[in-house]
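Trainee: Sharing a model that was predicted from the sequence below.
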Amino acid sequence: MATVSEHPEKAAAYIADRSRSRWHDGALWFVRSKRDRMAHSLPEWERLRSTASQIKAHTIANLPEILQQFEANAKARGVHVHWAADAQEHNEIVLEIIRKQNATRVVKSKSMLTEECHLNPHLEVNGIEVIDTDLGERIVQMRGERPSHIVLPAIHIKKEEVGETFAKYLGTEPGASDPQYLTEAARQHLRSKFLEAEVGITGVNFAIAETGGFVVCTNEGNADLGASLPRVHIACMGIEKLIPRLVDLSVFVRLLARSATGQPITTYTSHFHGPRPGCELHIVLVDNGRSRIRDSDEFRSALGCIRCGACMNTCPVFRRSGGHSYDAVVPGPIGSVLSPAADTKQHRSLPYACSLCGSCTDVCPVKIPLHHQLLTWRQQIASQGLLPVSKTAAMRAGSMLFQHPRIYALAGALGRRALRWLPKSWIYNRANPWGLDRDLPEPPVESFRSWWQTNRQGTSVDEGMKSKEAKNGK
Amino acid sequence: MGSKARDSRQAILDRLRSREVTPVELPAIFGDDSISQVAIGFDDPPTQFAGTVEAVGGLCLQVGSMQEALNKLEQDEVYRDAARRCSLVGDEIPGNVNLQEIEDPHDLSSLDFLIARAEFGVAENGAMWITDRDIRHRASLFITQHLALVVSRHSIISNMHQAYERIGQPETPFGVFIAGPSKTADIEQSLVLGAHGCRTLTVFLVDEPA
Ligand code: SF4
């Protein structure tokens, strides 16, 4: 049984280092601003978003047919198509393909799916070396960490720390922190890995039912080297990555990089429609809980996510608390929707790691109503009795208070006095988690109720409002 | 794996079919409007393209002919220093590595300079479309230290919708949009050119028929 992970505790550890939290916030805000410039430069931006959202909704509704169409077309192009119901099966399929080659060295380009399935540890215990080739992922892999962001896996790490890691594993100058120098060292190291690898694994950004092909987008070109040097290419994808037609790519390719990093397109957008001559191309289609999300009217549209990361870059909670505080493969707003779907109890705190500001919904290129879904999760988590006691106790007290006007009035009166007269240490202590990082507001001298009694007694609420508007000169 | 995999296929499809989902119509990309009505277009796509190529880290040189391209290359230090050069653009630009004679793409690991032709370019993002129709080893595009692409200025279109219209149905197993040199910003968001793929990208926007 997985342990329950509490976002506030993990976030507290990250925020404790204030300057790091501020630095992380700034780095992501920079990316978010680039996205904004790109979005504003296209007059048709909103039109693209709603088209993308409709295409995905159509795909998800017709998923069984679209999957079969994809399979038939891919097979016709000489691609081996595999189906995996869950993570374990995915890992077994990949291992078996590698074993058939008698291979022991694998290069992998960034893929959130293989991360979700914990493919690396599975291959490693079976004697296979797996090298993550995306620079950020390689850094994280060497450090024995997990990516903290789906597009910027090492966004939480400072260049000095990368320098230390590379000095240890790649023999770079101790103390070196110049990104140019460090990237060059990684380039040399990874080139040798590309050249030795017998199998290349990539993720998939979009798979096209109509043609049986798929597209992989990178800036570094690592997926391309990994797919064009080894004789065998395995592409792993969730079943939600499909789109119906090739022309649909025009919409998604335009949205993806602009939303992700504020670039007009990734450096490499590669279209794979069949193996190289004499080589093998495998596609593994993975469910692993996706069909269950599709069953839910509330959360179905979350399957349209194209993993651009824009919702994370804009989220005020993510920016300050860091991706690791979510303790989930996909962090941030979309992760907080998807993770509780996989295991509600374990991830029950994530829908609360949200200020409901709605910014994620505004930037999402496929228009997933993220903050509505997070609110829905809160209701479901409460009704499943999964709320932590700290929240349920307060809720119960609140409910009692609102049901009993006299007690409410009394509590208000006490509160106004107490906040003014009690010593600070009585108010700001462990019993008041709200006071940890905020000051409570200055209490008013008079309650609204008593103000009403003296000023508006006898008038109805409507008249009261009218006289107020009159005063404001409306 | 055989029968179990077949079971999983059926299980996934059954699970998906067990839940009727309200149908959603597949939209035409821009409804009843034409692409040119809705998507961004440019009065002078080649000029826009040249600017975008530079914005994504490439160098764009506008030339009248392949001879002029060669002259420019010969002034370029990177090209002059390149020991192993491969040209896929015809005899006007010579090379000393012949892709056709190479059996194993791993033998391209010491390739310094590749010059190839792109079918068309896209002004909105500086991307160029290249397929493996005439390129024996697609690895050459990614493994070379430096890449130059030749594209006709008359082939430049405004946006990606026009691009996919033009591609139609893919006939070759591989096609790629390349926009700029390989790059990364994974170390503290500082942009570094030359991650795994080419360190530099030179684009020759040549004034010859598309
Ligand atoms: S939910 Fe939307 S914004 Fe967030 S990663 Fe997915 S597509 Fe991008």
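Mentor: Yep, it's here.

Trainee: now the spatially closest residue to A:L67 that is not a sequence neighbour: how far from the ligand?
Mentor: Excluding the flanking residues, the one nearest A:L67 by C-beta to C-beta, 6 or more residues apart in numbering or on different chains is A:I239, at 6.1 Å. In this view, the C-beta of every residue, glycine as well, is placed from N, C-alpha and C. Separation of A:I239 from the ligand (C-beta to the nearest ligand atom, to the nearest Å): 16 Å.

Trainee: for A:P179, same thing?
Mentor: Taken as C-beta to the nearest ligand atom, the span from A:P179 to the ligand is 25 Å.

Trainee: returning to what we had before: can you give me the neighbour number for the residue nearest to A:L67?
Mentor: 26 (other C-beta atoms under 10 Å in any protein chain shown).

Trainee: Now do the same contact list for it.
Mentor: A:L63, A:L67, A:L285, A:V286, A:D287, A:R290, A:S291, B:I12 (C-beta atoms under 8 Å, 6 or more residues apart in numbering or on different chains).

Trainee: dump the residue contacts of the fourth one.
Mentor: Counting by C-beta under 8 Å, 6+ apart, A:V286 makes contact with A:A84, A:D86, A:A87, A:H90, A:L113, A:C117, A:C236, A:M237, A:G238, A:I239.

Trainee: Go again with 7 Å.
Mentor: Going by C-beta atoms under 7 Å, 6 or more residues apart in numbering or on different chains, A:V286 touches A:A84, A:H90, A:L113, A:C236, A:M237, A:G238, A:I239.

Trainee: is it true that the first one touches A:V284?
Mentor: Yes - counting by C-beta atoms under 7 Å, A:A84 touches A:V284, with 5.7 Å between them.

Trainee: Where do the helices of the stretch 1-150 of chain A begin and end?
Mentor: A:7-15, A:18-41, A:45-61, A:63-76, A:87-100, A:112-116, A:119-125, A:135-142 (DSSP state H, counting those that start in this stretch).

Trainee: does the ligand sit close to the shortest one?
Mentor: It stands for helix A:112-116. No - with C-beta under 6 Å from any ligand atom as the criterion, the ligand is not reached by helix A:112-116; the gap is at least 9.9 Å.

Trainee: and that helix, what does it pack onto?
Mentor: Packing contacts for helix A:112-116, counted by 3 or more C-beta pairs under 7 Å, 6 or more residues apart in numbering or on different chains; DSSP states H and E, involve strand A:232-238.

Trainee: Check the fourth one too.
Mentor: Contacts of helix A:63-76 with other secondary structure elements, assessed using 3+ C-beta pairs under 7 Å, 6+ apart, are made with strand A:80-84, strand A:242-243, helix B:2-17.

Trainee: of all the ones you listed, which lies closest to the ligand?
Mentor: When the helices and strands packed on helix A:63-76 are compared for distance to the ligand using C-beta to the nearest ligand atom, the nearest one is strand A:242-243, at 13.5 Å.

Trainee: And for stretch A:75-89, what's in contact with it?
Mentor: Under C-beta under 7 Å, 6+ apart, the answer for stretch A:75-89 is A:71, A:74, A:90, A:93, A:116-118, A:212, A:273-275, A:280-288, B:5, B:8-9, B:11-12.

Trainee: Filter those down to the buried ones and hand me the PyMOL line.
Mentor: Buried residues among the contacts of stretch A:75-89 (16 or more other C-beta atoms under 10 Å in any protein chain shown), as a PyMOL selection:
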select buried, (chain A and resi 71+74+90+93+116+117+212+273+274+275+280+281+282+283+284+285+286+287+288) or (chain B and resi 5+8+9+12)
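
Trainee: What distance do you get for the closest residue to A:G203 other than its chain neighbours to the ligand?
Mentor: The shortest distance from A:G203 to any non-neighbouring residue, by C-beta to C-beta, 6+ apart, is to A:S111 (2.9 Å). Separation of A:S111 from the ligand (C-beta to the nearest ligand atom) stands at 15 Å.

Trainee: Provide the count of other residues in contact range of A:S111.
Mentor: 25.

Trainee: With B:S190 as the reference, measure out to it.
Mentor: Distance, A:S111 to B:S190, using C-beta to C-beta, to the nearest Å: 25 Å.

Trainee: For the residue nearest to A:L67, give me the pLDDT.
Mentor: A:I239 carries a pLDDT value of 98.

Trainee: In space, what's closest to A:E137 - neighbours in sequence excluded?
Mentor: A:P153 (4.9 Å).

Trainee: give the contact list for that neighbour.
Mentor: With C-beta under 7 Å, 6+ apart, A:P153 has these contacts: A:D134, A:G136, A:E137, A:V140, A:P147.

Trainee: how about those in CSV, adding pLDDT?
Mentor: Output for the contacts of A:P153, formatted as CSV (pLDDT from 0 to 100):
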residue, pLDDT
A:D134, 97
A:G136, 97
A:E137, 97
A:V140, 97
A:P147, 96
